[in-house]
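Student: Give me a 3D structure for the following:
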Amino acid sequence: MFQLHPTLAADTIALARWPLSEVRLMRDASYPWLILVPARPGLRDLHDVAAGERVLLIEEIARASDALVAAVAPDKINVAALGNVVEQLHVHVIARFRADPAWPNPVWGAVPRRDYPPEALARVTAALGAALGGGR
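Tutor: Residues are numbered from 1 along each chain as shown. You can find the predicted model right below:
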């Protein structure tokens, strides 16, 4: 049975449930940042996704990327599946801006995490929710 890793649960907010993945917003307000978590037990790496579902995962990554472009108009979208800290497979889809605190470097460790204030969180979840469609 699929269970979301506790670190992912603590660091993100659920936005939508798609055919394969849970779509979650990273709480860090430094970057608009979605996390896709394929809702299948035991996945650690991309090659662990069943062959018949890999295309679906890529399509969901593209859909999340499109939603970020529609909601926040970034300069670039970064996609990564690292899993060095949290081994459960999850895909980062990060909106990047030339003016963000880490540009042009990776976001990890660039600045201390800064959670969204309540009013900003409401705005970003509304904008992303509309762009994501197919919610929970």
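
Student: Which pLDDT value belongs to the residue nearest to Ala81 when sequence neighbours are not counted?
Tutor: Of all residues not flanking Ala81 in the chain, Val91 sits nearest, at 4.8 Å (CB to CB, 6 or more residues apart in numbering). Where C-beta positions appear, they are placed from N, C-alpha and C, glycine not excepted. If you check Val91, the pLDDT there is 98.

Student: Based on its surroundings, how many neighbours for Val91?
Tutor: Val91 sits with 21 neighbouring residues when counted by other CB atoms under 10 Å.

Student: Please tell me how far it sits from Glu119.
Tutor: Per CB to CB, to the nearest Å, Val91 is found 28 Å from Glu119.

Student: just to revisit the earlier point, against Ala29, how distant is the residue nearest to Ala81?
Tutor: Counting by CB to CB, the gap from Val91 to Ala29 is 20 Å.
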